[in-house]
Every structure is written in C-alpha cells, then in structure tokens.
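>>> predicted model, plus sequence, below.
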Amino acid sequence: MSKSFSDLGINLLLQQSLADLKITVPTDIQEKTIPVVLNQTKDVVALAKTGTGKTAAFGLPLIQGIDTENNDIQAVILAPTRELGQQIYNNLVSFSANIRTVSIAGVFGGIPIKPQIERLKSATHIVVATPGRLADLIKRNVIKINNIAYFILDEADEMVSAHKEGLDSIIEALPKSRRTLLFTATMPGTIKQLVQNYMSKHVVHIEADMATVGHQGIDHQYVVVEPIEKLEVLLHFLNSKEGKQGIIFCKTKAAVNKLAKKLAINKFSSGALHGSLSQGIRDRIMGQFREGYIDILVATDLAARGIDVKDIAYVVNYHLPDTYDAYVHRSGRTARAGAKGLSLSIIQQEEIDDIPEFENELGIVFNEFKKADAQSIEENNGLIWAKKIFKTKPNRDISEDFKAKIKTIFHHLTKEELVDKILANYLAQSKTAIPKLEDSKKHKK
C-alpha cells in the first residue's frame, strides 16, 4: 500500500499545499528520498528518471527544514538550464504557498543580472540557479554561499558535461560542512568522479523506478529510411499525430534550424529551441508550447532540459544521440506523470546495428515502426500541399482587373471540378516523386 506524505514526515502546511496542487500520493523517488533527507545527515545520490517527481523529493524536506529566523541563504539548488531552473523555482514557490516566511530566489543566465542582484539584498533562504549565473554572482561578491547547509544538484549528469568550469568554481565557494544532494537520470563516469571528489565518504544511494530506463509507458520504436525519404517519412508521421504535441531532437543547432524551417514551410505548427537563441526567444517558444499554441518543438538535447509538459505524446530522434544517457533524457520528455508515450528513432541502414546496443545498455526493447508505402507518402505530400494553399494569406496587392480575368477563366467550374483540376495539376507536376520512392524501395530489396 502506498504511503502518504504524512507518513513520510511532511508537515500539515506542506500537505495542504500539495492538496491544493492535487498531489496526494508520493512517487517512488519521493517515498524513498524524503525520509532520508528529513531524518538523516548523510549526503544523497539519487538515481531517478526524469518526470518522476524529483523536485518534490528534495524540495519538500528542504522547505520544511528552513530556519526562518535565520535570513542567510541556507540552500542552493543548481540546474543546467534556465528552463529547468525556472520550473524548479515555480514548483518550490507552489509547495511553500502556505509558509509565507520561506523566501526563494531564482538567478538564471540569459536575463538581466541587476534585478537579481537587487533581489539578493533581501532576506533569501533558498536560491535556485544556473551554474554560469551563480558563478558570476559569486565573482561579483554579491552572494554569500559559504554558510549554506544544503547543496542540491539536479540533472547532475548534464551539469558535469556542459558546466564543469562553473561548477568547480561554485563548489570551491561552498562550506565543507554542507550536505550535498545529487539527482541524476544516468550514472556516467563523470558523475561517479564528482561523487568521489566532492561528496562525503558516507553517501546514501537511492534508486527509484529504474527497472525500465527512460520510463515505463514509453513505446520505443525505430524506422529505417533512405536519406532521400527521411523528411517525407517524418512529415507523414507528424500528420498522423496532428493535434498532439511532440519534440523532434537533432544533434546540432544548424540541423534544428534547417528542419524547423522545412516544417514552417510546410505549415506545421512548430518552433525551434537551441542554445544560440536569445533567452527572450526561448522563453516565447517555450511559452507557446506549454500553452498549446504550437504542437512541435525541434530542439537540441541541452535546450530541451526542463521541458515538463505532461501531454507530450511523442519524441522523435531525427538523429540518434551519441550517448545512451542522451537517449534516456530525450525519451524521458514523453510518458510523464504516468502517461503513455512514443519514442521514434528515424535511422538509416548503417545505424541499424546501433539499435541492439541501445537495447542492451538501457534494458529496453525497440519495435520496428511500419514505414508508410510510396502511395501513402505521395498522398501525404498532397495533403501538405493542400494545407499550404488553405493557410496561404490572400495577396491584397493583386489588381482587381487581373483578379477578374482569372475568375472569368474559372467561373463556370463547380467547386468539385475546380478541386479535381487543381489536384490533377499538382499530381502532374510531382509525378517523379513516386518513381523515386519506388526506386529506393527496389534498391533496398
């Protein structure tokens, strides 16, 4: 029988906040972590998949343990991206809604630093930060973290690979007597090294819900394509998921921009997300995605950290990631909060040998996705063409005289006849598409 938050030692005020948020039953990572943080003094290394409630696992006992009579910073939480940091900050504020005396600040890169410096002049108990911005604030001598009691690293596996320099300078400024809580979805060698170098010898190791890496509830699939048909197979898949939200992962920023442009040309509701975009643009795109104004995000691995949207139906690996850890994080964007999801990898023939390696390393099973045949692809291209026409805005600069002459040509046709003729014209112009696809199938055989 599942335990309640009361059984775990969470106080009534926090329980009320959780009830207001409709959170009633602890997840596995929360059930295992909260009593350890509340009742022990050892450092903690917690291995848990994304989307399993890690923020509440460390956030609830952290808020409960704050000494509100002490106005010094008592805890620092580091996240690899501003998006994830903002998500953690918002969650902590929600959890502490009934404890007005706990003060939480968020300090992230990509936005002006002066308001953050001003905010830190007020009483602050918990700071949520990205490594670069926190390191900058320490260098400016405007934040004091030499007396903190808790240091929390979330998504630590990403932190040590992308922010090692900033992380090292932050750790140097911490007190040796602190308690460190490290949360990660994977355990690469860099994390083991971090534990060995910067954490105490007596560490509590917690592992939650890791029987199936990358979530129970995810259907892992792959489809083998020729280079010439890769985009068309993707577009066919996206049309089959119309109205549902998903994320497409590419290896590089250039690949993200290129694919996002192609989706935009084909009138898909989409946006691009990568580290070279300004923070304002990233915030706008993420806001549109969270609010459901766009259905598809094309993103790099790091940019997608912190995307906690419950209804993401699918993830597409337009390029297979270079590491198994990256696959875990990618697929972990879907099937959140107990939902089901699909992780589809679109691969080429030379990559097919990688699939068994991913299966063996991660303990998952890939099923082969049935690729659409040439006729279905061509029909889908026609549907995309029709949608592009439908979504095209009228050109108001066309003269009325010219428009009248065009109308005269078509005026005797019914709607059905006009559609038939336009479609026949489209098919005549794209008649080479089917032979190309058929040739590629024959070549494969």
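All right, it came through fine. Numbering: from 1, shown residues only.
>>> CA atoms only: put the longest helix along the chain into PDB for me.
The longest helix of the chain (DSSP state H) is helix 374-391. Once side chains and other backbone atoms are set aside, the C-alpha atoms of helix 374-391 remain, and they are given as PDB (Å, rounded to 0.1, in the frame of the first residue of the first chain):
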ATOM      1  CA  ALA A 374       5.100   5.200 -51.600                       C
ATOM      2  CA  GLN A 375       1.500   5.800 -52.300                       C
ATOM      3  CA  SER A 376       0.800   6.900 -48.700                       C
ATOM      4  CA  ILE A 377       3.800   9.200 -48.800                       C
ATOM      5  CA  GLU A 378       2.700  10.800 -52.000                       C
ATOM      6  CA  GLU A 379      -0.900  11.200 -50.700                       C
ATOM      7  CA  ASN A 380       0.500  12.800 -47.500                       C
ATOM      8  CA  ASN A 381       2.600  15.200 -49.600                       C
ATOM      9  CA  GLY A 382      -0.600  16.100 -51.400                       C
ATOM     10  CA  LEU A 383      -2.400  16.800 -48.100                       C
ATOM     11  CA  ILE A 384       0.500  19.000 -47.000                       C
ATOM     12  CA  TRP A 385       0.300  20.900 -50.300                       C
ATOM     13  CA  ALA A 386      -3.500  21.400 -49.800                       C
ATOM     14  CA  LYS A 387      -3.000  22.700 -46.300                       C
ATOM     15  CA  LYS A 388      -0.300  25.100 -47.500                       C
ATOM     16  CA  ILE A 389      -2.800  26.500 -50.000                       C
ATOM     17  CA  PHE A 390      -5.500  26.700 -47.300                       C
ATOM     18  CA  LYS A 391      -3.200  28.600 -44.900                       C
END
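>>> elements contacting that helix?
helix 230-240, helix 415-429, helix 433-444 (3 or more Cβ pairs under 8 Å, 6 or more residues apart in numbering; DSSP states H and E). Using the backbone N, CA and C atoms, a C-beta is placed for each residue, glycine as well.
>>> worst mean pLDDT among the ones you listed?
Looking over the helices and strands packed on helix 374-391, mean pLDDT reaches its minimum on helix 433-444, with a mean of 47.
>>> what about the helices in the stretch 1-150 of the chain?
Along the stretch 1-150 of the chain, the stretches classed as helices by DSSP state H, counting those that start in this stretch are 12-20, 28-39, 54-65, 82-95, 114-119, 131-139.
>>> okay, now the unreliable bits of this structure?
1-2, 161-165, 209-216, 303-306, 308, 337-338, 431-445 (pLDDT under 70).
>>> quick one: the strands in it, in order.
In the chain, the segments counted as strands under DSSP state E are 43-48, 75-78, 104-107, 126-129, 150-153, 179-184, 203-208, 218-225, 245-249, 270-273, 296-299, 312-317, 341-348, 366-368.
>>> for the second one, buried residues please.
Residues 75-78 are the ones in strand 75-78 that count as buried (16 or more other Cβ atoms under 10 Å).
>>> coming back round to it: and of the helices of the stretch 1-150 of the chain, who's closest to I352?
Each of the helices of the stretch 1-150 of the chain has some distance to I352 by Cβ to Cβ; the shortest is helix 82-95, at 33.3 Å.
>>> the closest one packs against which elements?
Counting contacts by 3+ Cβ pairs under 8 Å, 6+ apart, helix 82-95 packs against helix 12-20, helix 54-65, strand 104-107, strand 126-129, helix 279-290.
>>> rerun that using 6 Å as the cut-off
helix 54-65, strand 104-107, strand 126-129 (3 or more Cβ pairs under 6 Å, 6 or more residues apart in numbering; DSSP states H and E).
>>> can you tell me which residues contact T184?
156-157, 191 (Cβ atoms under 6 Å, 6 or more residues apart in numbering).
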